[in-house]
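>>> predicted model and sequence below, questions to follow.
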Amino acid sequence: MSDVFLNIDEQPKESVSIISERLENRSLKGQFYDFTKEYFALMDFDENSKILELGGGTGVIGRNFIEYRNFKGKYVVSDLSKELLNFGEKKAKELELDNYLHFKQIDAMSKITHDKGSYDTVIMHTLVSHVPNPAVVIENAKKLLKRNGKIIIFDADYETLLMASGNKELDKIVNTAIKEGCVAQPKVMRLIPKIANSLKLKLIKYKSNLLFEAGSAEFFYGMGKTLSNAVVKSNQLDKKIADEWLKEIEKAMSESTFFGMCPYITYIYEI
């Protein structure tokens, strides 16, 4: 199975729209949004600071950061997907944030030849779990930083992700399909300290957050619907099974028996 987030522009238009909507909605409210605000609060900057987000998609994290921290420097959102970047550019203009928020197509997995030593901070927000070689991406991030620059890695331990309707057979099938079809590296956050050490990065801070819902499923229902749809569209899960599972999730929500959890981790390194 392959990670659908690695080739978004090759997905059906409907899938791209669903993914874009999910990237936006999960980051605008609730526990996930609160987690990002916590690492935003740890960042130092001034009006001359340059920040690069690798794999930034629609730019929603950049928009949140600019608004939450009243950022007046330059925040560059990069991604491999032209579709997501185009969506982000339009959104930034609508919100009149285009003076601070910029968009650039960068393949974070390829050899970096431009912009070396240009940024004060490089953010990787839910990126390293989707790439085939996280060490290459982190090494590229290091090359893009100025002296004493910082790398922020925020992602989940998706191996631990669980969305439970109570139907054990369906839960196992769909949770497994989502992990295999939407997450190239479900255990990567356990490996980051070793990768960072090999690149001579200095660990400054780290923190963890548990995204947990019981009974209701505001975050996980959106996640489950989006990601199960994505693996169906990429022919990695049967639609009947996905639909049946979503009905079981909805039933669990109506009966207040739903259980969902996923741990998120933040690492901050300095070169």
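Perfect, thanks for sending it.

>>> for stretch 228-247, how far is the first residue from the last?
12 Å (CA to CA, to the nearest Å).

>>> in that stretch, which residues are buried?
The neighbour-count check on stretch 228-247 (16 or more other CB atoms under 10 Å) flags 228-234, 236-237, 241-242, 244-246 as buried. The C-beta positions use only the backbone N, C-alpha and C, and glycine is treated the same way.

>>> now it, how far from the chain's geometric center?
Using CA atoms, centre = their mean, to the nearest Å, the mean C-alpha position of stretch 228-247 is found 21 Å from that of the whole chain.

>>> about what we covered before: would you format the buried residues of stretch 228-247 as a markdown table with distance to Thr36, pLDDT and secondary structure included?
Conversion of the buried residues of stretch 228-247 to a markdown table gives the following (distance: CB to CB, whole Å; pLDDT from 0 to 100; DSSP: H, G, I helix; E, B strand; the rest coil):
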| residue | distance to Thr36 | pLDDT | secondary structure |
| --- | --- | --- | --- |
| Ser228 | 24 | 95 | helix |
| Asn229 | 24 | 91 | helix |
| Ala230 | 22 | 89 | helix |
| Val231 | 25 | 92 | helix |
| Val232 | 28 | 93 | helix |
| Lys233 | 27 | 88 | helix |
| Ser234 | 27 | 87 | coil |
| Gln236 | 29 | 93 | coil |
| Leu237 | 29 | 96 | coil |
| Ile241 | 32 | 98 | helix |
| Ala242 | 28 | 98 | helix |
| Glu244 | 33 | 98 | helix |
| Trp245 | 28 | 98 | helix |
| Leu246 | 27 | 98 | helix |
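
>>> how about those residues, which pair is most distant?
Farthest pair in the buried residues of stretch 228-247 (CB to CB) is Ser234 and Glu244. Separation: 18.8 Å.

>>> okay, now Arg147: neighbour count?
Using other CB atoms under 10 Å, Arg147 is surrounded by 8 other residues.

>>> which SS class is it?
strand (DSSP: H, G, I helix; E, B strand; the rest coil).

>>> please renumber the chain so that the first residue is 786 from this point on.
I'll keep to 786 as the first residue from here, and by that count the last item is Arg932.
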